[in-house]
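*Asks:* Just need the structure, nothing else, for what follows:
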Amino acid sequence: METATTSTPLLLPTTCRSSCTIHNTDTELLVSLFADRVLALASQTGKLGTITQASAIMSPFDGARNTAVSTLLGRRDDLVSGAITRVVSERLQRAGDERPVVACVSLTKQAGAVEAKAVA
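*Replies:* Residues are numbered from 1 along each chain as shown. As a prediction, the model looks like this:
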């Protein structure tokens with residue numbers, strides 16, 4: 001007896017988790033896709049850290065696309081978290097994904113200092 005098989009295309013996972021080493025420090029990465037936004041986490045401390053959000057906005061004057069970043073929770077002077085959130089958001093926008101990005105970033109002081117120099 002023969003059975004018919006049908007192949008179902010694989011759906012993209014709604015959550016991807018990975019780990020890597022950044023500046024000699026183990027770093028946990030997680031991205032979750034939601035209907036209305038993208039959640040991205042990067043932690044070297046096992047904590048959520050500073051939580052920021054980036055959204056694409058159109059200029060009412062010339063129609064140029066900009067990315068607005070705001071701190072939702074955590075250190076307001078954390079430029080690194082805002083910069084990481086902006087980069088993730090802009091890369092998703094270039095790929096055609098307009099959803100806002102909420103990012104939780106918690107880096108060690110050493111890694112944060114290195115990244116802060118790059119942002120400045």
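*Asks:* Spell out the secondary structure type for L92.
*Replies:* helix (DSSP: H, G, I helix; E, B strand; the rest coil).
*Asks:* Might you list the low-confidence residue ranges for the protein?
*Replies:* 1-13, 111-120 (pLDDT under 70).
*Asks:* all strands of it, in order?
*Replies:* 15-22, 25-33, 38-43, 50-58, 65-73, 101-106 (DSSP state E).
*Asks:* most tightly surrounded among those strands?
*Replies:* strand 101-106 (a mean of 24; mean count of other CB atoms under 10 Å). (C-beta placed from N, C-alpha, C; glycine too.)
*Asks:* centre of the chain versus that strand, how much separation?
*Replies:* Here strand 101-106 is found 6 Å from its chain centre; the criterion is CA atoms, centre = their mean, to the nearest Å.
*Asks:* Residues contacting that strand, please?
*Replies:* If you take CB atoms under 8 Å, 6 or more residues apart in numbering as the criterion, strand 101-106 is touched by 37-55, 72, 78, 80-81, 84-85, 88-89, 92.
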